[in-house]
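J.: only geometry, no sequence info:
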C-alpha cells in the first residue's frame, strides 16, 4: 500500500494545473468554441423560467391580454432555442471529448518518451505494472477531466452569476438567504471529497500492483507450471485483489457520503425557497408569478451546483491522474547529452578506462574502484571472476547505461560523455544471456538492429549469424510470428536471431554478456561459431561463464571485489598459477 499522503496544499494543486495547462495550448480554438457552445446550452435553462413567469404573471393580472398567438410564439422561441441547444450539446459531446482524447494522446506520447529516457536504475526499482497503469487508466481519467472541467466550471459560473442577477431583481432578501446557504453546502461536500481523493490515488496504486502481479505471473508462466505453483500465484493475486477491494470499499463509502450530503442539501434548499418564498408572498413582498419563476431558477441553480459538486468525483480522479503523471515526468533523466556533445563517427575501437570508480545510487559501496584499462582497436577482452565482482557493471558503463562516479572512459581518446548518447550507443552492439525478442516476425526482430534495412540485408545478417537455415525451416520463414518474448523458438534459435540483429547493426564495439551460458552444448557450439564471426575486426568485451570459450581472447581480466587482480592471455595467466588458474581448474573439474 502507498504511504498515506497529507492533504494536497493549494500550492501543490496549482503546480499540477500549471503542469497540465500547456497541453490545452494546441487546442485553444476548439476549447473556445466548446465553451461558446456551453454558453448556448445555458440559454434554454435561463430563458424557460422567464417564459413561465411572463405567462403566469399575465394569467394572474391580465388574462385577456394573454392570447394563443403569444403562447405559441413563446413556445416556438423555446423550441428554436432547444434546436440550438441540441446542436451545441452535440458539439460538446463529440468534438469536446475528441479534444480531451487528443490531450490524453499527447500526454501519453510525452510520458512514454520520458520513460524511454530514464536510466536503468529507475527500472530496477519500479514495477512495470505500475507504469502500465499510469500510461493507460490514469490518462483516461485525465481525458474526462480535460473535457469536462472547463465546461462545468464555465456553465456553472454563468448560471450562478446570471441567476443571482435575475433573482436579485425579483427579491433581494430571499436571494441572499439562498446564496448564503451555498457555501455551507460546498464545505460539507468538501469534507467528503478529501478522503475520496485519497482513495482514488490508493486505488490507482493498487490497480498498478495488480497489473504488476499479472505481468510477473504470466511472463513467467513456464516457471510457474514447471514448479506446479499455480496455487501460489493464485494466492498472491488474491492478496492483491483483496487489497484493491478494500481500497474500493473505502472509495465508495466516501463517494456515498459525498453524494448523500449533496442530495440532502438539495432538499433543504428547495424547502427553504418554498417556505421563505411563501412567507414573503403572504406578506406581499413577492408575487406568485415571481415565486414560480424563482423556484424554477433555484432548480436550475441547484442542478448546476449539483453537477459541479458531483463533478468533484471526476475532478479528483483527473487531478490524481495528473499527479501520478507528474510523478513520473519529474523523475530526472540523469544520463543526458552534455552541452556541446558531438556525434561519434568513424570509430577505430580504441577504448580506455582511466581510474574509473562506480557505485549504485542506493548508497552502497563501490562496485568498481579505480579501474584502469587500455584496449587496442580490434582486441578481444574477456572478463572473468566471481558473481558480484562487477563484470556486467563494467560493460554497462561503456554505453552509459550508468554514469561513472569518478574517472573517465574514453573511446578513440575522447571521454564518452562528450559524445551524444544516441551516436555512442549506435556504435556498440550487445548480445546478452537473456535474449529479448519483440512480439512480431523473425524479420522485424532482426531488422530492429538497423530499422529500415532491406530484406536482403536482413537475410545476409542471418546467414552470417548461422540462423538462415533454421529460419527457412520455420512455417513462414522470415515472416514467422515468434510469439511473446520469442516463446515459439528455442534458446539457441533466439540467441542466433539476436546475433543476426547485431550483425545487421554492424557496430565497431561489441559486448557479449554470457551469451552462451544458458545454452546446451550443441546450441553453444552453433552460437559460439556465430559469435566468432561477429567478433572479427571488432573491439570485443566478453563476460565469460564457460571459461573454455575465451581461451583465444587477446586479454583476460580477472575481476574480484578488489578490482582487476590479474590480466593477460590464457597462457600467461595459467603460467602464473594465480586467481585465473584456480578458476579455470575449478571449471575443468566440473
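T.: Ah, there it is. On a predicted model such as this, the values are computed, not experimentally measured, just so you know.

J.: pLDDT of the longest helix seen in the chain, averaged?
T.: As assigned by DSSP state H, the longest helix anywhere in the chain is helix 230-282. Helix 230-282 carries an average pLDDT of 83.

J.: quick one: residues contacting the residue lying closest to residue 24 once chain neighbours are set aside.
T.: The shortest distance from residue 24 to any non-neighbouring residue, by C-beta to C-beta, 6 or more residues apart in numbering, is to residue 31 (6.0 Å). Placement of C-beta: from N, CA and C, glycine included. Counting by C-beta atoms under 8 Å, 6 or more residues apart in numbering, residue 31 makes contact with 24, 99, 150.

J.: ok so the last one is a strand residue?
T.: No: when classified by DSSP: H, G, I helix; E, B strand; the rest coil, residue 150 is found to be helix rather than part of a strand.

J.: which intervals of the stretch 451-590 of the chain have sub-threshold pLDDT?
T.: 484-487, 515-524, 587-590 (pLDDT under 70).

J.: would you list every one of the helices in it?
T.: Here the stretch 451-590 of the chain has its helices, by DSSP state H, counting those that start in this stretch, at 455-464, 468-472, 491-505, 521-535, 570-576, 579-588.

J.: tally of neighbours for the closest residue to residue 457 other than its chain neighbours?
T.: Leaving out its chain neighbours, the residue that sits closest to residue 457 by C-beta to C-beta, 6+ apart is residue 504, at 6.4 Å. Look at residue 504: counted by other C-beta atoms under 10 Å, it has 22 neighbours.

J.: how about residue 293?
T.: 24.

J.: pretty sure it is touching residue 50, no?
T.: Yes: counting by C-beta atoms under 8 Å, residue 50 is a contact partner of residue 293 at 6.8 Å.

J.: what residues does the most centrally placed residue in the chain make contact with?
T.: What sits nearest the mean C-alpha location of the chain, by C-alpha atoms, centre = their mean, is residue 135, with 3.1 Å. When contacts are counted by C-beta under 8 Å, 6+ apart, residue 135 touches 108, 111, 112, 115.

J.: state the distance from it to residue 114.
T.: Taking C-beta to C-beta, to the nearest Å as the measure, residue 135 falls 10 Å from residue 114.

J.: thinking again about what came up before, can you redo the contacts of residue 31 as CSV with pLDDT, distance to residue 439 and neighbour count?
T.: Below are the contacts of residue 31 laid out as CSV (pLDDT from 0 to 100; distance: C-beta to C-beta, whole Å; neighbours: other C-beta atoms under 10 Å):
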residue, pLDDT, distance to residue 439, neighbour count
24, 88, 35, 14
99, 88, 32, 23
150, 84, 39, 19
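
J.: with distance to residue 547 as extra columns, can I get the residues you listed in a markdown table?
T.: A markdown table is the format used below for these (distance: C-beta to C-beta, whole Å):
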| residue | distance to residue 547 |
| --- | --- |
| 24 | 61 |
| 99 | 62 |
| 150 | 67 |
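
J.: where exactly do the strands run in the chain?
T.: In the chain, the segments counted as strands under DSSP state E are 351-358, 368-375, 380-384, 406-411, 414-415, 428-432, 509-513, 539-543, 555-560, 563-568.

J.: run through who's touching the last one.
T.: When contacts are taken as C-beta under 8 Å, 6+ apart, the neighbours of strand 563-568 outside the stretch itself are 368-373, 555-559, 573, 576, 578-580.

J.: and residue 328, how close does it get to residue 114?
T.: 7 Å.

J.: so what's residue 52 up against?
T.: 292, 293, 296 are the contacts of residue 52 under C-beta under 8 Å, 6+ apart.

J.: where does the second one land on pLDDT?
T.: Looking at residue 293, its pLDDT is 81.

J.: please point out which parts of stretch 568-580 sit buried.
T.: 568, 570, 573, 574, 579, 580 (16 or more other C-beta atoms under 10 Å).

J.: from those, pick the one nearest residue 204.
T.: residue 579 (51.4 Å; C-beta to C-beta).

J.: next up, the contacts around the closest one.
T.: Counted by C-beta under 8 Å, 6+ apart, residue 579 has contacts 385, 558, 560, 565, 566.

J.: make it 6 Å
T.: Residue 579 makes contact with 558, 565, 566, according to C-beta atoms under 6 Å, 6 or more residues apart in numbering.

J.: now render those as a markdown table, adding neighbour count and distance to residue 427.
T.: A markdown table is the format used below for those (neighbours: other C-beta atoms under 10 Å; distance: C-beta to C-beta, whole Å):
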| residue | neighbour count | distance to residue 427 |
| --- | --- | --- |
| 558 | 24 | 27 |
| 565 | 15 | 30 |
| 566 | 19 | 29 |
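
J.: what's residue 229 sitting at in phi/psi?
T.: phi -110, psi 30 (degrees, to the nearest 10).

J.: likewise for residue 366?
T.: phi -60, psi 130.

J.: pLDDT score for it?
T.: At residue 366, pLDDT is 75.

J.: same thing with residue 446?
T.: Reported pLDDT for residue 446: 91.

J.: and the strands of the chain: which comes nearest residue 311?
T.: The nearest among the strands of the chain, by C-beta to C-beta, is strand 428-432 at 50.1 Å.

J.: settle this for me: residue 251 is touching residue 198, isn't it.
T.: No: using C-beta atoms under 6 Å, residue 251 makes no contact with residue 198, being 8.9 Å away.

J.: from residue 168, how far off is residue 157?
T.: Residue 157 is 17 Å from residue 168, by C-beta to C-beta.

J.: and residue 335, by the same measure?
T.: Counting by C-beta to C-beta, the gap from residue 335 to residue 168 is 63 Å.

J.: so which of the two has more stuff around it?
T.: Higher neighbour count among residue 335 and residue 168: residue 335, with 17 against 14, using other C-beta under 10 Å.

J.: nearest residue to that one other than its sequence neighbours?
T.: residue 119 (5.1 Å).

J.: report pLDDT for the residue nearest to residue 483 when sequence neighbours are not counted.
T.: In space, and not counting its chain neighbours, residue 483 is closest to residue 439: 7.2 Å by C-beta to C-beta, 6+ apart. Listed pLDDT for residue 439 reads 79.

J.: residues near residue 396, how many?
T.: 17.

J.: that older thread, and the strands of the chain as JSON lines, adding distance to residue 163?
T.: As requested, those are exported to JSON lines (distance: least, C-beta to C-beta, whole Å):
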{"stretch": "strand 351-358", "distance to residue 163": "67"}
{"stretch": "strand 368-375", "distance to residue 163": "71"}
{"stretch": "strand 380-384", "distance to residue 163": "77"}
{"stretch": "strand 406-411", "distance to residue 163": "69"}
{"stretch": "strand 414-415", "distance to residue 163": "69"}
{"stretch": "strand 428-432", "distance to residue 163": "67"}
{"stretch": "strand 509-513", "distance to residue 163": "70"}
{"stretch": "strand 539-543", "distance to residue 163": "74"}
{"stretch": "strand 555-560", "distance to residue 163": "77"}
{"stretch": "strand 563-568", "distance to residue 163": "78"}
